[in-house]
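Engineer: I'll drop the sequence and a predicted model, then ask my questions.
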Amino acid sequence: MKVMHKPLDISTTVHRLPESEDRWASWRDFLRANGEPAMYCDPEIIEAIATGLRQEPFIIEATRGGDVVGLLPAIFMRSSLFGRFLVSVPYVNWGGVICADEAVGRKVLGTAIRLAEELDTNYLELRQLEPLDDDRLVVGKSAKVQMRLPLGAEADENWRGLKSEVRTQIRKAAKHGLQVSWGRDDESIRAFYEVFSRNMRDLGTPVFPLRLFRNIAAAARDNAEFGVVRLDGAPIAACLAIHGPGLTEIPSAAALRAYRKTAANSLMYWNAIERAIERGQTEFDFGRSTLGGATYIFKKKWGATARPVTWQYYLRRGDTQSMRPDNRKFALAIQLWQRLPVAATRVLGPMIVRGIP
């Protein structure tokens, strides 16, 4: 006689972090098994980002037969200026639902939608490396892509694959006597932030708080490091590198405009590529760029190719584009911000950007 087994039910639980630390080991086992899409979903990373932005972190867990089969990290962002949002995950370029199969994905999404409604959000935002196929979601209008470069076993392989103009820029930086250092200590983080915050002011964009980067460094441990390019001891370019499973990404990088002729940016990226190869990584991600924009063209010259990241939304009110920095309603604010002293933007910027999804 054939015995029919009833499919195991999928159950979901909403956890507020840092509660449920007894579940973290099981979550990490599941995340490790899902590789690159899950590299920013560790509960310690989520808590670090949330506390850095002074917002509230959640993880939605799905289990089947006692086993973890799905996770969704999300941060509840609220601001009197901008509204209320549930985002997976702010600051980083991807997060979203990590699931064993479509049925789990639908169950996790349903729980996330209920949470978004309970929190009375404008919308739920999922930054999906692997998009969900669900009619409840709409895709945001975005021309952003991740720029990916395959890595060889040795740095020489990638060096030979570079265009001559890129190699020329790297050599040019060396001739200027630029020095590159890497670290996770507070001095390295402060040097990075000195360059990053000034560059954000020049772009007219509120800067993230210094504590966000300190938190990420503490949570990611040896998988996060800050690269700083110096001229005569002064930092003129800097980046944050995150080393994930087989992939190194640069989520934040900046170079001072006054030193553009030194090609510090090129030296910084080449040095980061070398470090990724030393770690045995197989892919390097230059970070998010606007398709066809200046940074996209710069990264494409290195041989990087575009990989889309799908930002999907469950929209409750408003629209998905109102908070994007390229919205024309912010044009005057951007111009005014560019005129502020850098010191003022380091104080005001974090208070503003903490509420922007």
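Structural biologist: Good, I have the coordinates.
Engineer: any idea how this structure splits into domains?
Structural biologist: 10-143+310-353, 145-308 (automatic domain parsing).
Engineer: now the last one, how far from the chain's geometric center?
Structural biologist: This points to domain 145-308. 14 Å (C-alpha atoms, centre = their mean, to the nearest Å).
Engineer: first vs last residue of it, how far apart are they?
Structural biologist: Domain 145-308 has an end-to-end distance of 5 Å (C-alpha to C-alpha, to the nearest Å).
Engineer: Could you do stretch 152-163 as well?
Structural biologist: Using C-alpha to C-alpha, the two ends of stretch 152-163 sit 16 Å apart.
Engineer: now it: mean pLDDT?
Structural biologist: Mean pLDDT, computed over stretch 152-163, is 95.
Engineer: got a list of contacts for it?
Structural biologist: Applying C-beta atoms under 8 Å, 6 or more residues apart in numbering, the external contacts of stretch 152-163 come out as Leu149, Leu151, Arg167, Ile170, Ile273, Glu274, Ile277, Lys301, Trp302, Gly303. Backbone N, C-alpha and C define where each C-beta goes, glycine included.
Engineer: switch to 6 Å and redo it
Structural biologist: Contact with stretch 152-163 is made by Glu274, Ile277, Lys301, Gly303, as judged by C-beta atoms under 6 Å, 6 or more residues apart in numbering.
Engineer: Quick check: buried residues in it?
Structural biologist: Ala155, Asn158, Leu162 (16 or more other C-beta atoms under 10 Å).
Engineer: Quick check: the residue lying closest to Asp186 once chain neighbours are set aside vs Glu187, distance?
Structural biologist: Of all residues not flanking Asp186 in the chain, Arg214 sits nearest, at 7.4 Å (C-beta to C-beta, 6 or more residues apart in numbering). Distance, Arg214 to Glu187, by C-beta to C-beta, to the nearest Å: 12 Å.
Engineer: more crowded one of those two?
Structural biologist: Taking other C-beta atoms under 10 Å, Arg214 and Glu187 do not tie; Arg214 has more neighbours (17 against 11).
Engineer: Shouldn't that one be within a helix?
Structural biologist: Yes: counting by DSSP: H, G, I helix; E, B strand; the rest coil, Arg214 falls inside a helix.
Engineer: All the helices of this structure, residue numbers only.
Structural biologist: 24-33, 43-53, 102-118, 155-161, 164-175, 186-203, 210-220, 264-278, 294-300, 331-337, 342-353 (DSSP state H).
Engineer: so which of the ones you listed gets nearest Thr13?
Structural biologist: Thr13 lies closest, by C-beta to C-beta, to one member of those: helix 102-118, at 8.3 Å.
Engineer: by contact count, what packs against that closest one?
Structural biologist: Packed against helix 102-118, as judged by 3 or more C-beta pairs under 6 Å, 6 or more residues apart in numbering; DSSP states H and E, are the following elements: strand 10-16, strand 56-64, strand 67-79.
Engineer: quick one: the last one to helix 43-53, angle?
Structural biologist: Direction vectors for strand 67-79 and helix 43-53, defined by axes from the mean of the first three to the mean of the last three C-alpha atoms, to 10 degrees, enclose an angle of 0 degrees.
Engineer: Nice, that's everything, thank you.
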